[in-house]
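> Attaching a predicted model along with its sequence, questions to come.
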Amino acid sequence: MQHDETNGKTRKVYTLSHLEEICRQKGISPDLALQMKATAYVFPFKANSYVIDELIDWKDIPNDPIYKLLFPQPDMLHAEDGRMITSAVARKASTADLAEAIYSLREKYLPTDTEDGNPGVPVRNGKILKGYMKLNPGTLV
């Protein structure tokens, strides 16, 4: 587990490898936890202990806005894609099969727009739009 020093406080940093543990501790159903983990293979997940322990109202899941923004949501994938990756994760597919599924979904949902291969970097009139990320066609953040 990584640690992040913020304002003199050490915070734990959580990633995909910690997602099941967080879900278990916070009372997320095993089915939803599996779907979230599968989605997190496609869309990166990273959070720190302050957000997990202080900002999210775990009694208001799935409606808490911080939770919705931070945690991978199964509906971020089209239903068929979600079923495919969730099934692969659930059956503990081989590393090669899982990697192939993840790669194909990342290609679909996180397109590469720049010559140097940076995924999700939007370009307009041949110039990179700094400070933005392209999530899917028509969506910038």
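In hand now; what should we look at?
> For residue 92, pull up the helix or strand it's in.
Using DSSP states H and E, residue 92 falls within no helix or strand.
> Just give me the neighbour total for it.
Using other Cβ atoms under 10 Å, residue 92 is surrounded by 9 other residues. In short, each C-beta sits where N, CA and C put it, glycine included.
> Check the gap between it and residue 18 for me.
Going from residue 92 to residue 18 by Cβ to Cβ, to the nearest Å gives 18 Å.
> since we're on residue 60, how many residues are nearby?
Around residue 60 there are 11 residues (other Cβ under 10 Å).
> so how many other residues sit close to the residue nearest to it when sequence neighbours are not counted?
Leaving aside its sequence neighbours, residue 60 sits nearest to residue 67 (Cβ to Cβ, 6 or more residues apart in numbering; 7.9 Å). For residue 67, the tally of surrounding residues (other Cβ under 10 Å) stands at 20.
> Correct me if wrong: residue 67 contacts residue 51.
No. Look at residue 67 against residue 51 with Cβ atoms under 8 Å: they stay out of range, at 9.5 Å.
> For the chain, which residues score under the pLDDT cut-off?
1-8, 111-123, 129, 131-141 (pLDDT under 70).
> That one: helices as residue ranges?
19-26, 30-42, 49-50, 65-70, 79-90, 95-109 (DSSP state H).
> among those, which is the most enclosed?
Highest mean neighbour count of the helices of the chain: helix 30-42, a mean of 19 (counted as mean count of other Cβ atoms under 10 Å).
> Partner strands of the longest strand along the chain, with direction?
Longest strand of the chain, by residue count under DSSP state E: strand 9-15. Paired with strand 9-15 in the same sheet, following DSSP bridges, are strand 2-6 (antiparallel), strand 46-48 (antiparallel).
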